[in-house]
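Participant: Show me the folded form of this:
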Amino acid sequence: MAHTLGEKVFKPKVTALKKAVKEAEKLASNYTWNPNIQIKDVPIINSKELNESDPMYSNNDLFKQPVNMSLSSVHIPVEIYQGHTNILNSLSWSGMLDKVWTENRQNDPDILWQYFGSQDGFIRTSPASKWRRQGVDLFDVRRRPWYTAGSSSPKDMIILMDTSGSTYGQALQLMKFAVKFLLDTIGENDFVSIIKFSNEPSFVMDCLNEKRFLQANYWNKQDLYNAVVNNVKAEKMANYAKAFEFSFKQFKEFSRNATDGAGANCNRVIMLLSDGTTEKPESVFDTHNRDKMVRVFTFAIGRTASDVAALKWMACRNKGYFSVIYAVGAIMSKVQEYIPSLARGPYSAYGVKDMYMSPAYNDIWGLGMMTTITLPVYNRSSDSIQSNQTILGVMGIDVTVGHLISHTPYSELGPAGYAFALDSNGYIVFHPNLRATDLAKNGWLQDPPNVDMFHVEINDPTKYQVRRKMIDQKSATEEFESYVLYPGEHYVAKNNRTYSYIPIPGTNFSLCVVSPSQRKKHVSAKGFDLMQAAEELERILTSQEDFAVLLAPWLVSSMLK
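Facilitator: Numbers count the residues shown, from 1 in each chain. The predicted structure is shown next:
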């Protein structure tokens with residue numbers, strides 16, 4: 001099964017993705033920048049204004065909605081002006097991606113959504129389809145987990161909040177909103193901590209006193225933000241020297257004591273949110289960050305009454321950037337400005353380490369649970385106007401969870417057997433007990449819910465070791481006694497199970513097939529046509545009226561009407 005998923009499902013998608021990335025970089029490199037470009041010069045299909053009743057769109061069984069297979073549509077965030085020169089030029093060259101996307105679909109008819117998320121904020125999607133997200137449109141592709149993970153290197157981040165008395169009121173509220181948007185820019189490959197300070201620094205959550213950093217998964221980010229909203233209050237005077245010294249020590253302690261794969265082991269950043277100061281903690285930087293291995297990004301929040309020159313100095317002194325956030329409407333765009341500076345560097349060849357494959361999430365276009373495969377798109381142009389931009393965006397291709405599950409050999413495993421897959425962080429890619437309907441009830445649909453293996457499997461020490469080995473991309477077969485929650489979650493049994501796990505080739509996923517240990521053989525029908533057998537079984541069943549039959553979800557039963 002792992003070989004089938006790697007060779008027949010993921011490999012064609014990865015090949016198509018690499019082809020699209022190569023074409024995008026070529027198009028961008030050959031494109032002539034037009035400083036005088038106008039909106040009328042760049043015709044696009046705006047997905048929010050798309051009319052599905054137009055004859056150019058037709059219902060498609062694969063996409064379950066009206067689409068145009070030869071064209072792409074564009075979504076532009078509400079806070080971005082479509083007529084900006086950067087946006088129009090990016091829309092112009094990216095419009096030529098329709099050809100390579102069409103070729104990809106001809107080579108692999110199973111390909112679903114293909115899209116390019118631009119560093120400028122828009123997303124171009126093939127095939128062209130209507131935007132289906134309801135409510136206020138706050139969607140920005142740069143905040144999507146697959147985009148942030150695909151465009152930036154892993155990082156350990158400290159969000160440092162100045163909660164001195166001068167921040168009371170609007171400035172503190174803006175800070176809390178800024179924390180929310182900063183958390184949206186990081187994902188499960190990152191680690192984060194939040195420190196508040198006035199005269200003394202402290203963590204916003206008690207558990208950080210021991211752990212110092214938390215993995216930036218869905219649940220931890222929710223807990224951190226709730227702690228900021230409920231526990232952070234403005235009081236006393238700010239001491240920046242103590243705050244930065246405390247922050248630098250957390251990085252050192254975290255590196256010294258990190259276990260079980262904790263820590264990004266890549267970038268280290270401090271995000272300072274302040275209403276302004278005149279203090280320059282130069283001696284602290286000289287002592288703890290002389291080599292500038294920790295980058296400091298500073299944000300002046302609100303209509304600052306204090307001087308911001310010191311905030312600019314802190315950022316420049318530590319290889320960071322300075323930004324000003326005057327109002328709520330500016331938060332989203334301003335907090336994202338640090339991302340290009342931490343972008344993945346361009347590689348000459350695309351390998352697994354450049355590729356990101358997301359845990360399962362629910363498709364906003366209505367195709368159910370899926371995973372996204374991404375690669376960054378780099379600016380390889382020598383054009384001086386664009387030479388300061390290292391990354392153009394992220395290219396993605398989707399694979400539905402249903403398509404992955406369909407390759408499970410149920411006819412061999414029987415009704416008590418199943419398969420599941422984990423990503424490199426131990427989160428579920430697919431599992432029979434992970435269902436989109438359950439996630440919808442809990443409001444987990446906007447982002448990958450980061451469901452751990454033990455949210456759907458009954459925990460025990462042996463299974464924990466299986467999980468650890470799967471994360472480490474190891475292969476083995478183990479037999480042990482364990483409580484088993486049967487698919488459907490109506491029955492629990494304790495018996496011996498065989499767990500056979502192996503990496504899925506060409507991915508960062510690991511597959512595990514689970515079966516009862518006593519099941520050594522399976523029935524395999526030979527010598528007759530399978531469809532004829534299904535029709536005969538259907539005839540026998542429908543001729544009986546005095547009893548009911550429960551069919552296991554094996555391959556033959558799927559052919560019954």
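Participant: Any chance you could list what contacts the longest helix seen in the chain?
Facilitator: Among the segments of the chain that qualify as a helix by DSSP state H, the longest is helix 11-30. Residues outside helix 11-30 that contact it (CB atoms under 8 Å, 6 or more residues apart in numbering) are 93-94, 96-97, 99-101, 103-104, 107-108, 110-111, 114, 116, 350, 355, 373-381, 392, 395-397, 399, 505-506. In short, each C-beta sits where N, CA and C put it, glycine included.
Participant: Would you mind listing which of those residues are buried?
Facilitator: 93-94, 97, 100-101, 104, 108, 111, 114, 116, 355, 373-379, 381, 392, 395-397, 399, 506 (16 or more other CB atoms under 10 Å).
Participant: sorry, back to before: next helix or strand past the longest helix of the chain?
Facilitator: strand 58-60 (DSSP states H and E).
Participant: chain center to the longest helix of the chain: distance?
Facilitator: 20 Å (CA atoms, centre = their mean, to the nearest Å).
Participant: mind exporting that helix as PDB, just the C-alpha atoms?
Facilitator: Extracted in PDB, the C-alpha atoms of helix 11-30 (Å, rounded to 0.1, in the frame of the first residue of the first chain):
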ATOM      1  CA  LYS A  11       4.700  10.800  -7.300                       C
ATOM      2  CA  PRO A  12       2.600  12.000 -10.300                       C
ATOM      3  CA  LYS A  13       1.400  14.900  -8.100                       C
ATOM      4  CA  VAL A  14       5.000  15.800  -7.100                       C
ATOM      5  CA  THR A  15       6.100  15.600 -10.800                       C
ATOM      6  CA  ALA A  16       3.200  17.900 -11.800                       C
ATOM      7  CA  LEU A  17       4.100  20.300  -9.000                       C
ATOM      8  CA  LYS A  18       7.700  20.500  -9.900                       C
ATOM      9  CA  LYS A  19       6.800  21.100 -13.500                       C
ATOM     10  CA  ALA A  20       4.400  24.000 -12.500                       C
ATOM     11  CA  VAL A  21       7.100  25.500 -10.300                       C
ATOM     12  CA  LYS A  22       9.700  25.400 -13.000                       C
ATOM     13  CA  GLU A  23       7.300  27.000 -15.500                       C
ATOM     14  CA  ALA A  24       6.300  29.700 -12.900                       C
ATOM     15  CA  GLU A  25      10.000  30.600 -12.300                       C
ATOM     16  CA  LYS A  26      10.600  30.700 -16.000                       C
ATOM     17  CA  LEU A  27       7.600  32.900 -16.700                       C
ATOM     18  CA  ALA A  28       8.500  35.300 -13.900                       C
ATOM     19  CA  SER A  29      12.100  35.500 -15.000                       C
ATOM     20  CA  ASN A  30      11.200  36.300 -18.700                       C
END
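Participant: What residues does V179 make contact with?
Facilitator: I159, M161, I194, L224, Y225, V228, L273.
Participant: The same query, at a cut-off of 6 Å, please.
Facilitator: Residues near V179 by CB atoms under 6 Å, 6 or more residues apart in numbering: I159, V228.
Participant: likewise the one 10 residues further on?
Facilitator: N189 makes contacts with A149, P154, as judged by CB under 6 Å, 6+ apart.
Participant: Need phi/psi at it.
Facilitator: phi -90, psi 0 (degrees, to the nearest 10).
Participant: Look up how far Q82 lies from it.
Facilitator: According to CB to CB, to the nearest Å, N189 stands 32 Å off from Q82.
Participant: now swap in T148 and tell me
Facilitator: Taken as CB to CB, the span from T148 to Q82 is 23 Å.
Participant: Give me the pLDDT value at the nearest residue to F420 once chain neighbours are set aside.
Facilitator: In space, and not counting its chain neighbours, F420 is closest to H431: 3.9 Å by CB to CB, 6 or more residues apart in numbering. At H431, the predicted lDDT confidence score is 86.
Participant: what does D447 give?
Facilitator: The score at D447 is 59. That number is its pLDDT.
Participant: Just the pLDDT for L311.
Facilitator: Reported pLDDT for L311: 94.
Participant: which residues does the spatially closest residue to Y57 that is not a sequence neighbour contact?
Facilitator: Using CB to CB, 6+ apart and skipping the chain neighbours, the partner closest in space to Y57 is P66 (4.0 Å). Taking CB under 6 Å, 6+ apart, we find P66 in contact with E52, Y57, N59.
Participant: Please tell me how far the second one sits from M69.
Facilitator: Remark: distance between Y57 and M69 (CB to CB) = 10 Å.
Participant: Comparing these two, which residue is more hemmed in?
Facilitator: Y57 (21 against 17; other CB atoms under 10 Å).
Participant: quick one: that one from R133, how far?
Facilitator: Distance from Y57 to R133, by CB to CB: 18 Å.
Participant: rewinding a little: between T148 and Q82, tell me which one has more neighbours.
Facilitator: Using other CB under 10 Å as the criterion, T148 and Q82 rank with T148 on top: 23 against 15.
Participant: Can you give the distance from the top strand by length along the chain to the centre of its chain?
Facilitator: The single longest strand within the chain, with elements called by DSSP state E, is strand 492-503. Distance of strand 492-503 from its chain centroid, counting by CA atoms, centre = their mean, is 29 Å.
Participant: quick one: buried residues of it?
Facilitator: Buried residues in strand 492-503 (16+ other CB under 10 Å): R497, T498, Y499, S500, Y501, I502, P503.
Participant: Spatially, which two of those residues are the most separated?
Facilitator: Spanning the widest gap among those are R497 and P503, at 20.6 Å by CB to CB.
Participant: Please list the members of the buried ones among the contacts of helix 11-30 that lie in strands.
Facilitator: Using DSSP E, these in strands are 114, 116, 373-378, 392, 395-397, 399.
Participant: Output those residues in JSON lines; the columns should cover pLDDT.
Facilitator: JSON lines is the format used below for these (pLDDT from 0 to 100):
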{"residue": "Q114", "pLDDT": "95"}
{"residue": "F116", "pLDDT": "96"}
{"residue": "I373", "pLDDT": "91"}
{"residue": "T374", "pLDDT": "92"}
{"residue": "L375", "pLDDT": "92"}
{"residue": "P376", "pLDDT": "91"}
{"residue": "V377", "pLDDT": "92"}
{"residue": "Y378", "pLDDT": "88"}
{"residue": "L392", "pLDDT": "91"}
{"residue": "M395", "pLDDT": "96"}
{"residue": "G396", "pLDDT": "94"}
{"residue": "I397", "pLDDT": "94"}
{"residue": "V399", "pLDDT": "90"}
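Participant: In TSV: those residues, plus distance to A493.
Facilitator: Formatted as TSV, those follow (distance: CB to CB, whole Å):
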residue	distance to A493
Q114	44
F116	48
I373	37
T374	40
L375	43
P376	46
V377	50
Y378	52
L392	53
M395	45
G396	40
I397	39
V399	32
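Participant: Poorly predicted segments of the stretch 251-400 of the chain, please.
Facilitator: Residue ranges of the stretch 251-400 of the chain with pLDDT under 70: 258-265, 304-306, 343-354, 382-389.
Participant: Run through the helices of it in chain order.
Facilitator: 282-288, 309-317, 328-335 (DSSP state H, counting those that start in this stretch).
Participant: tell me how far the ends of stretch 196-215 are from each other?
Facilitator: By CA to CA, to the nearest Å, the extent of stretch 196-215 from end to end equals 19 Å.
Participant: Run the chain-centre distance for that stretch.
Facilitator: For stretch 196-215, the distance to the chain centre is 26 Å (CA atoms, centre = their mean).
Participant: and what of stretch 240-252?
Facilitator: That offset, for stretch 240-252, works out to 30 Å (CA atoms, centre = their mean).
Participant: list the buried ones in it?
Facilitator: Y240, K242, A243, F244, E245, F246, S247, F248, Q250, F251.
Participant: Among those residues, which ones are in strands?
Facilitator: Those of the buried residues of stretch 240-252 lying in strands (DSSP E): none at all.
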